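Chemist: Give me coordinates for this.
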Amino acid sequence: MLIRIQGGRVVDPTAGRDAVGDVWIENGRVVAASERAPDQTIDATGCVVMAGGVEVHSHIAGGNVVMSRLLLPELYASEAAPEGHPFAHAGGSAAWIGANYARMGYTIAVEPAMPPANALSTQLELADIPLLDRGALTVMGNDDHLLQLLRQREGKAAVRDLVALAVATSRGLGVKCINAGGASAFKDGMLKLSLDEEIPVYGLSTRKIMTALLDAVEEIGVPHPLHVHCNNLGIPGADESFVDTLEAAEGRRIHFAHAQFYAYGVSDPENPATGGFRSAAERITEAMEKHPNATFDVGQVAFGQTVTISLDILRQFAGRKGANPKKWILTAGDAEGGGVVPFLYKPRGAVSSLQWAIGLELMLLSKEPERTILTTDHPNGGPFTDYPHIIHLLMDKEKRDREIAGLHKVIGERSGLCAIEREYSFSEIAQLTRSGPAKLLGLTDRGHLREGARADVAIYRDDRDRTAMFARAKCVLKDGVTIVEDGEVVAWTSGRTLELDVESDKAMVARSETYLQDRFGAGLSSFAVPDEAFPKADVFEEVACLA
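Modeler: Coordinates of the predicted model:
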């Protein structure tokens, strides 16, 4: 079937394209303009046409997501929850997730924290999400087998083979590292961990663990850089951990998760004991400019009730004191552990207002939006459904100023947001939400509208109210099939689960089988994600490693 999207303003920064024109589609792919009459014409006059949005960091499946629903049933079932809130309509269900991403023009979403021991249940939950292609990042950095190899100094090859096996058996799309060594340190009574502090039992440091994973990811050829959640998230002075970790990468590719939660400088460096923090967004962006090997997603805060979900048990244990409502769950499992802590971001509150400002400041200071990915770290900073509002704030200085006027005065005192005049263009929004995240994940046929791209296309009515514009797309196509019209789902299609094409070393397979049997009384087959778990033959799509 030949489709012509006609007369829209086509925005594709990868092709330097921002002009009125057409997009042609055939057999689920973007094709060159044809002299044949199209079988279907979509009138995009007065609209902006972009590639489908790509989400790199959203907690939409897995054990902690399930626990959050058990902990907060009153929020998930609340009839008072407004339209578009993550707790509305049996909030967080697979259909809700797929539909709300699709309505905004997104066609891919990635769960960033899949422990190998929990891979099967996570992948099954992801496969239930309709309309989207989806994937997950395999979490390593606190598991005993890896730390044993490092303690015994077995070398890079052994670590590489274990990482490759973990990605292959969990069918991951990349590798995530969360406060490496922090879970073990917590069990030995440590409540804070620095990059070079020794972790009891293993005699390692976060630097040594992270460096080993950086090397393994490079040697395997994982397209997505090591996805790093640093030490000391969310505390004054967290910017030191960010910059130290950035420098520790020593030029290797690295991606930082939810950078907003690290852009916290000590408010009074001369008297740090007085407490408080100020924006370190300028320091973070300057450091990023010096390290082109690095990218980050933002973790923008959105005001309102949410729940923090993390495998960083050190920070979740500390964060339990601020739980709102006052109930929480912590788990100290064999590897990652973690916890679920409800949180309320208050628009009149000094801390929440400053966090909100810092995220915007990071994006507005960035000279390279393609290396600066829009996320809310859903649901940690707030719901992904707030993306249209965030985009509006980035594109409209007057809108920002009006919003700032209603917030706490600390924004003007401890951040530089008020002085920033910049307004994002459509092309920069496309870099922030399309081409940048697709490139980051190694998805060469997504995030753009060049010939050969998958026909994942979002069409928006050009409206000065950017919130309304990006909240309800006029039309969304997934693989050339219209799935959304006028902000409503019209075709409930099933997407693909994306996985990395990686081979497992036979010797490491045997070794891991023995390790798992000794430790758990169950072998690799108990932790692997088999084809048989998924009824549709095309549910998985392999993504090639880098050459």
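Chemist: Tell me which stretches of the stretch 251-400 of the chain form strands.
Modeler: All strands of the stretch 251-400 of the chain, identified by DSSP state E, counting those that start in this stretch, fall at 254-256, 264-266, 277-279, 294-297, 304-310, 329-331, 338-345, 372-373.
Chemist: could you dump the ones you listed to a markdown table with distance to Gly523 and mean neighbour count?
Modeler: Using the backbone N, CA and C atoms, a C-beta is placed for each residue, glycine as well. Shown next, in a markdown table, are these (distance: least, C-beta to C-beta, whole Å; neighbours: other C-beta atoms under 10 Å):
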| stretch | distance to Gly523 | mean neighbour count |
| --- | --- | --- |
| strand 254-256 | 32 | 25 |
| strand 264-266 | 44 | 24 |
| strand 277-279 | 47 | 23 |
| strand 294-297 | 36 | 26 |
| strand 304-310 | 29 | 24 |
| strand 329-331 | 24 | 16 |
| strand 338-345 | 25 | 23 |
| strand 372-373 | 38 | 25 |
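Chemist: Can you say which of the ones you listed is nearest to Asp486?
Modeler: strand 304-310 (26.5 Å; C-beta to C-beta).
Chemist: Which strands border the closest one, and is each parallel or antiparallel?
Modeler: strand 338-345 (antiparallel) (DSSP bridges).
Chemist: Which residues outside the partner strand are in contact with it?
Modeler: Residues outside strand 338-345 that contact it (C-beta atoms under 8 Å, 6 or more residues apart in numbering): 64, 67-68, 71-72, 75, 301-313, 316-317, 319-320, 322-325, 327-331, 352, 355-356, 381-382.
Chemist: how about a cut-off of 6 Å?
Modeler: Outside strand 338-345, the residues that touch it by C-beta atoms under 6 Å, 6 or more residues apart in numbering are 64, 67-68, 71, 301, 303, 305-311, 313, 316, 319-320, 323-325, 328-330, 352.
Chemist: Now do Arg511 against Leu204, distance only.
Modeler: Arg511 sits 20 Å away from Leu204, going by C-beta to C-beta, to the nearest Å.
Chemist: Look at the two and report which has more neighbours.
Modeler: Leu204 (20 against 17; other C-beta atoms under 10 Å).
Chemist: Distance from the helix or strand hosting Thr482 to the middle of the chain?
Modeler: Using DSSP states H and E, Thr482 sits within strand 481-485. Centre-to-centre, strand 481-485 and its host chain are 25 Å apart (C-alpha atoms, centre = their mean, to the nearest Å).
Chemist: any low-confidence regions in this protein?
Modeler: Segments of the chain classed as low confidence (criterion: pLDDT under 70) are 74-92, 270-275, 335-336, 535-539, 547.
Chemist: Could you tell me the phi and psi values at the most centrally placed residue in it?
Modeler: The residue lying closest to the centre of the chain (C-alpha atoms, centre = their mean) is His57, at 1.0 Å. His57 adopts backbone torsions of phi -150, psi 90, taken as degrees, to the nearest 10.
Chemist: same question, the one 10 residues further on
Modeler: When quoted as degrees, to the nearest 10, the phi and psi of Met67 stand at phi -60, psi -30.
Chemist: Test my guess that it contacts Leu330.
Modeler: No. Met67 lies out of contact with Leu330 (C-beta atoms under 6 Å); the separation is 10.1 Å.
Chemist: and Leu500, what does it touch?
Modeler: Taking C-beta under 6 Å, 6+ apart, we find Leu500 in contact with Val167, Leu173, Val543.
Chemist: please redo it, this time with the cut-off set to 7 Å
Modeler: Counting by C-beta atoms under 7 Å, 6 or more residues apart in numbering, Leu500 makes contact with Val167, Gly172, Leu173, Gly174, Val222, Val543, Cys545.
Chemist: State the distance from the nearest residue to Asp12 once chain neighbours are set aside to Leu546.
Modeler: In space, and not counting its chain neighbours, Asp12 is closest to Leu449: 4.5 Å by C-beta to C-beta, 6 or more residues apart in numbering. Distance, Leu449 to Leu546, by C-beta to C-beta: 24 Å.
Chemist: neighbour count winner among those two?
Modeler: Set Leu449 next to Leu546 and count neighbours by other C-beta under 10 Å: Leu449 wins out with 27 against 11.
Chemist: That one and Ile313, how far apart?
Modeler: Taken as C-beta to C-beta, the span from Leu449 to Ile313 is 43 Å.
Chemist: and if you look at Gly338?
Modeler: On the measure of C-beta to C-beta, Gly338 and Ile313 end up 5 Å apart.
Chemist: and what of Glu240?
Modeler: From Glu240 to Ile313 the distance is 21 Å (C-beta to C-beta).
Chemist: and the two? which has more neighbours close in?
Modeler: Each of Glu240 and Ile313 has its neighbours counted (other C-beta under 10 Å); Ile313 has more, 24 against 20.
Chemist: Does the more buried one touch Ile329 like I think?
Modeler: No. Shown here, Ile313 and Ile329 do not form a contact pair, counting by C-beta atoms under 7 Å, at 11.1 Å.
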